[in-house]
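# How does the following fold in three dimensions:
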Amino acid sequence: MKRWLWILGLCALIIAGIVWGMRKQPVQVEAARVTVGPLRVTVEEEGKTRLKSRYVVSAPVTGFMARLKLKAGDTVRSGDVITRLNSTTAPFLDPRTRDTGEARVRVALTSLDVAQSRIKALQEQLRSAQVDLDYWTRERDRLQVLVKSGDQPSQKLDQANTERRRAEAAVSAAEANIETANMQIDNAQAEVNAARAALRPSTSRQGGTGETIPVVIPASGRVIRVIQESEGVVNPGTPLIEVGNANAIEVEVEILSPDAVQMGPGTRVLLTGWGGQGALEAQVRVVEPGGFTKVSALGVEEQRVRVVADITSPEDLWKRLGDGYRVEASFVLWEGDKVLQVPANALFRHDGGWAVFVIEGDVARRTKVEVGHRSGLAAEITTGLKEGDKVVAHPDETVEEGKQVVIK
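The predicted model follows:
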């Protein structure tokens with residue numbers, strides 16, 4: 001009897017093991033939570049810095065140039081002489097060249113006169129706008145007393161405030177126009193100086209009777225690059241040095257044309273990987289209307305567009321940036337603070353739309369969702385889920401509707 005009991009018990013264990021092995025085993029999955037938080041959609045590309053305004057100082061004529069003493073980073077002012085070009089045989093200027101130079105001086109002087117006349121007119125406009133501002137300020141103060149005493153309606157005071165703000169705007173506009181006109185005068189004066197420098201007489205390098213022509217800086221700034229440093233004979237148009245304002249820097253980024261379509265002036269840009277701490281704030285100034293073809297590192301032809309952005313962070317944070325420095329630019333196409341979102345790896349295509357597997361207890365339920373904005377790692381959910389739901393991350397073919405799952 002005992003032997004049969006042992007046999008029956010062993011058979012029962014074997015049958016229980018077979019049943020246990022044949023039952024459906026739950027699928028091990030990774031789970032992720034549906035959360036509410038900030039979401040940002042960006043386009044990231046490498047870019048480089050460049051000067052907003054640069055001047056390449058070139059040799060005006062053929063001549064023998066003395067060695068340049070300037071080095072990259074030196075500060076220069078408009079009108080400074082960087083070197084002199086000396087002739088050794090014949091005069092530099094033939095009649096046609098001299099006539100052309102004199103005509104250039106006359107044109108530059110005319111431009112200077114026009115700019116000076118314009119600034120006088122703008123100064124008159126500023127005085128007129130200031131008079132209006134003073135008048136409406138007094139009128140506002142007077143009406144404030146009368147309105148308070150009930151002798152004048154409040155509409156009069158509102159009109160006076162409106163006119164005063166209009167006068168303030170006119171004063172600001174006039175001051176900005178004057179500042180622009182002063183810059184135009186500086187540029188015109190620089191053109192005059194450059195044109196006159198081309199006509200100055202020179203002497204032979206060996207002390208003969210030839211002419212010597214000084215090469216002058218057309219605008220104040222810093223030396224960005226010395227192109228021709230050693231002495232020697234140079235031809236007309238040979239670049240010598242490059243000058244620019246090292247504190248006026250912009251960022252140039254080459255963007256794929258489909259991404260550039262989504263950008264425009266004012267688009268926010270975050271600059272990282274520039275060598276300093278934190279990200280710098282910038283703003284797109286212009287998206288160039290023309291694209292170009294560029295071959296990628298993988299040999300694929302791509303249509304790209306140049307996007308130029310201005311740095312808006314305080315200058316003290318990025319003053320060590322120079323021309324041609326590498327940066328990583330993130331263009332913010334869209335962002336929200338409280339966005340219902342799910343990891344992008346939880347989404348999959350189903351019936352022409354998007355769906356996720358929601359974990360209810362220990363069962364996976366396929367749920368259709370509508371997706372809004374998407375970043376690289378997360379996607380906005382407009383309908384179908386709520387905060388706190390658990391979804392299956394990286395679902396594969398083993399996960400099905402109604403399938404039992406166990407979280408790893």
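# rest of the way, CA atoms for contacts and neighbours
Fine.
# Counting by contacts, list what the longest helix seen in the chain packs against.
Of all segments of type helix in the chain, defined using DSSP state H, the longest is helix 95-149. Counting contacts by 3 or more C-alpha pairs under 8 Å, 6 or more residues apart in numbering; DSSP states H and E, helix 95-149 is packed against helix 154-197.
# what packs against the helix it packs on?
Against helix 154-197 (3+ C-alpha pairs under 8 Å, 6+ apart) you get helix 95-149, strand 212-216.
# With respect to burial, which of the ones you listed scores highest?
strand 212-216 (a mean of 23; mean count of other C-alpha atoms under 10 Å).
# quick one: strands adjacent to that strand?
strand 81-86 (antiparallel) (DSSP bridges).
# quick check: angle from the longest helix of the chain to helix 154-197?
Counting by axes from the mean of the first three to the mean of the last three C-alpha atoms, to 10 degrees, helix 95-149 points 160 degrees away from the direction of helix 154-197.
# Tell me where the model's unsure across the stretch 1-150 of the chain.
Applying pLDDT under 70 to the stretch 1-150 of the chain picks out residues 1-2, 17-24, 88-94.
# Now with 50, please.
For the stretch 1-150 of the chain, applying pLDDT under 50 flags the ranges 90.
# which outside residues touch stretch 74-82?
68-70, 190, 193, 214-223 (C-alpha atoms under 8 Å, 6 or more residues apart in numbering).
# For it, measure first residue to last.
11 Å (C-alpha to C-alpha, to the nearest Å).
# quick one: buried residues of it?
Residues of stretch 74-82 classed as buried: Thr75, Val76, Ser78, Gly79, Ile82 (neighbour count, 16 or more other C-alpha atoms under 10 Å).
# Widest-spaced pair of those residues?
Thr75 and Gly79 (12.5 Å; C-alpha to C-alpha).
# From Lys386, how far out is Lys69?
70 Å.
# These two: which has the busier surroundings?
More crowded of Lys69 and Lys386, by other C-alpha atoms under 10 Å: Lys386, with 16 against 11.
# thinking again about what came up before, so which of the helices and strands packed on helix 154-197 gets nearest Met263?
Going by C-alpha to C-alpha, the one of the helices and strands packed on helix 154-197 nearest Met263 is helix 95-149, 36.3 Å.
# hmm, back to that, closest one of the buried residues of stretch 74-82 to Leu5?
Out of the buried residues of stretch 74-82, the member with the shortest distance to Leu5 (by C-alpha to C-alpha) is Thr75, at 104.7 Å.
# Nearest residue to the residue positioned nearest the centre of the chain in space, ignoring adjacent ones along the chain?
With distances taken as C-alpha atoms, centre = their mean, the chain has Ala309 as the residue nearest its mean C-alpha position (2.1 Å). In this structure, Ala309 finds its nearest non-sequential neighbour in Val284, 4.0 Å apart by C-alpha to C-alpha, 6 or more residues apart in numbering.
# Can you report how many residues neighbour the one you found?
21.
# Enumerate every residue touching it.
Gly264, Pro265, Gly266, Thr267, Arg268, Val269, Val307, Val308, Ala309, Asp310.
# Quick check: it is in a helix.
No - assessed by DSSP: H, G, I helix; E, B strand; the rest coil, Val284 does not belong to a helix; its assignment is strand.
# just wondering, since we're on it, how far is it from Val233?
Distance from Val284 to Val233, by C-alpha to C-alpha: 44 Å.
# Tell me how far Glu46 lies from Leu271.
9 Å.
# repeat for Gly150
Distance of Gly150 to Leu271, computed by C-alpha to C-alpha: 57 Å.
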